[in-house]
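Colleague: coordinates for the following, if possible.
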Amino acid sequence: MSSPKNVVIVGAGIVGLSVGWFLQNYDIEVTILEQKSIGSGSSWANAGWLSPSLTTPLPEPAVLQYGIKSLFNPNAPLSIAFPPSIKLINFLLTFSRNCNNKKWQKAMQSYIGINNLAFDAYDEINLSEHNLEFHQSPIMAAFETRSQAKGLLDEFEMIRGAGQSLVSYELSGKEIRSKVPQLSDAIDFGISIEQQRYVNSSSITRSISESVIKRGAKIIEEYKVEKIKSSNSKVYLYSKNNSDITCDAVVVANGAWIDEFSNQLGIKVPTAPGRGYSFSVPTQQEVPFPIYFPVTRVACTPMTNNTLRVAGTMEFSHLEDGLNLRRIDAIVSSSKKLFKGVDLDNKSNLWVGPRPVSADGMPFVGSTKLPGVYVAAGHGMWGMTLGPITGKLLASQIAQNQISPYLVGFDPRRKK
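Modeller: Residues are numbered from 1 along each chain as shown. Reported below is the predicted structural model:
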């Protein structure tokens, strides 16, 4: 196959924008279609952590045990809609079958290669544009007791045992409270996870979109793709409310909406929208580092003007459901005693976004059964971390017709 002259990308989140940016390095004409607005899905107000050391397959034995316990606690960080749909039941059953150490180890080997390249892809964009605002910082994991940290420490041993580099060191309660004065006296143990980064996810998504446009791309918002066809070395996109489009190749990067095209593209692994919540609160002074409460699965990110973004929960429910205030209340309730100088009652920017979770914990990046149609989706919680590197590797595959060895494990047509 020759290199396409023009490519249409379906989805203007961090993944789709990254594919577009790197395709432009091959002088390929790029058009990006977004059914809502740029970055309006899970890219908009997530925690914004770029943490390749922590990027692992979600299905593993401890997660399965945790999930079963969560079913009986309506305020647990994990929530499953009841009654679940047939599609969600199929996803959960497939997910549970992948929650074993052998499959986790195999999946982890696929992650390690791209994890090690994740920062380089961001730096490549930034070297060209000089407008991506990164913060290099450790992530501070905080616990009320050292015994609470056993699960995370065990997970770190699994990650290191699989061959992934991860640098961390333990802190006494006094030490972590001195580093992060927003932590209350209830915190008596901590772990500093080194060599990570964080960003304002909405800001960096917008910056990359502006860069893509400046380099010649067209982004069309409010364009809903209803159908994709491939014939005679061309790809055709059909929409009810917009003009149809013909192009040389298409990348489906529509995040949690990938299920709309799964059968057509030959994707066998089930997916589900794992909805995450966030909100912003004021702090009395600047928060120096990102904060993680592993017991309650709450991730907190410093923003400008003494503001803290508080994010958490994994809610498997209907894709288009509205924001559930009960989930916000659960985050606040679990976090109040752990903070001081943080006004959790003064919430703003309440948000929910669906993360595209695959049942085997790995993204779909590569070609599909439709000639000229590719997919970049299913990144789960790791879209911000892996969006640019998977975008770079897929762009190279499209332009040069050669699959990177780092993408072999993410074949969209793999068995479930």
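Colleague: which residue is the nearest non-sequential neighbour of Ser202?
Modeller: Spatially, and ignoring its direct neighbours in sequence, Ser202 is nearest to Trp44 (5.0 Å; CB to CB, 6 or more residues apart in numbering). Yep, even glycine has a C-beta here, placed from its N, CA and C like the rest.
Colleague: and that neighbour, what pLDDT?
Modeller: On pLDDT, Trp44 comes in at 93.
Colleague: what about it, neighbour count?
Modeller: Trp44 has 21 neighbouring residues, counting by other CB atoms under 10 Å.
Colleague: can you check the one 5 residues further on too?
Modeller: Here the count is done by other CB under 10 Å, and Trp49 has 25 residues near it.
Colleague: that one bridge partners, please.
Modeller: According to DSSP bridges, the residues that bridge with Trp49 are Tyr198.
Colleague: the residue nearest to Ser202 reaches Trp351, doesn't it?
Modeller: Yes. Counting by CB atoms under 8 Å, Trp351 is a contact partner of Trp44 at 6.7 Å.
Colleague: nearest residue to Ser334 in space, please, no chain neighbours.
Modeller: Using CB to CB, 6+ apart, the nearest residue to Ser334 is Thr296, at 4.0 Å.
Colleague: ok, now how distant is that neighbour from Ile9?
Modeller: Distance check for Thr296 against Ile9: by CB to CB, to the nearest Å, it reads 36 Å.
Colleague: find the nearest non-adjacent residue to Lys224, please.
Modeller: Among residues not flanking Lys224 along the chain, Gln35 sits closest, at 4.5 Å (CB to CB, 6+ apart).
Colleague: test my guess that that neighbour contacts Tyr223.
Modeller: Yes. Counting by CB under 8 Å, Gln35 does reach Tyr223; the two are 6.5 Å apart.
Colleague: what about Thr296 and Ile9, which has more around it?
Modeller: Neighbours were counted for Thr296 and for Ile9 using other CB under 10 Å; Ile9 has more, 30 against 18.
Colleague: confirm that the more buried one sits in a strand.
Modeller: Yes. According to DSSP: H, G, I helix; E, B strand; the rest coil, Ile9 belongs to a strand.
Colleague: so in terms of bridging, what pairs with Met140?
Modeller: On the basis of DSSP bridges, Met140 takes part in beta bridges with Ser192, Ile291.
Colleague: residues near it, how many?
Modeller: By the criterion of other CB under 10 Å, Met140 has 23 neighbours.
Colleague: so what's it up against?
Modeller: Listed by CB atoms under 8 Å, 6 or more residues apart in numbering, the contact set of Met140 reads 171, 176, 179-180, 190-193, 289-292.
Colleague: write the ChimeraX selection for whichever of those residues are buried.
Modeller: Selection of the buried residues among those in ChimeraX, burial being defined by 16 or more other CB atoms under 10 Å:
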select :171,176,180,190,191,192,193,289,290,291,292
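Colleague: and the contacts of Met140, which two are the farthest apart?
Modeller: The span of those, defined through CB to CB, is set by Leu171 and Pro290 at 14.7 Å.
Colleague: helices of the stretch 301-416 of the chain, residue ranges please.
Modeller: Per DSSP state H, counting those that start in this stretch, the stretch 301-416 of the chain carries helices over the ranges 325-335, 383-400.
Colleague: same list (the ones you listed) but as CSV, adding distance to Asp345.
Modeller: Below are those laid out as CSV (distance: least, CB to CB, whole Å):
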stretch, distance to Asp345
helix 325-335, 8
helix 383-400, 28
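Colleague: which one of these lies nearest to Leu23?
Modeller: Ranking those by proximity to Leu23 (CB to CB) places helix 383-400 first, at 4.5 Å.
Colleague: still on that earlier bit, could you dump the helices of the stretch 301-416 of the chain into CSV and include distance to Asp248 and mean pLDDT?
Modeller: Below are these laid out as CSV (distance: least, CB to CB, whole Å; pLDDT from 0 to 100):
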stretch, distance to Asp248, mean pLDDT
helix 325-335, 43, 95
helix 383-400, 10, 98
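Colleague: out of these, deepest packed?
Modeller: helix 383-400 (a mean of 25; mean count of other CB atoms under 10 Å).
Colleague: now that helix - C-alpha only, CSV.
Modeller: Presented in CSV, the C-alpha positions along helix 383-400 are these (Å, rounded to 0.1, in the frame of the first residue of the first chain):
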residue,chain,number,x,y,z
GLY,A,383,-5.1,8.0,27.4
MET,A,384,-3.2,11.1,28.7
THR,A,385,0.0,9.1,29.3
LEU,A,386,-0.1,7.0,26.1
GLY,A,387,-2.0,9.2,23.6
PRO,A,388,1.1,10.8,22.0
ILE,A,389,3.2,7.7,21.8
THR,A,390,0.5,5.5,20.4
GLY,A,391,-0.4,8.3,18.0
LYS,A,392,3.2,8.5,16.8
LEU,A,393,3.5,4.8,16.3
LEU,A,394,0.2,4.5,14.5
ALA,A,395,1.0,7.5,12.3
SER,A,396,4.3,5.7,11.3
GLN,A,397,2.4,2.6,10.4
ILE,A,398,-0.1,4.4,8.3
ALA,A,399,2.5,6.5,6.4
GLN,A,400,5.1,3.7,6.0
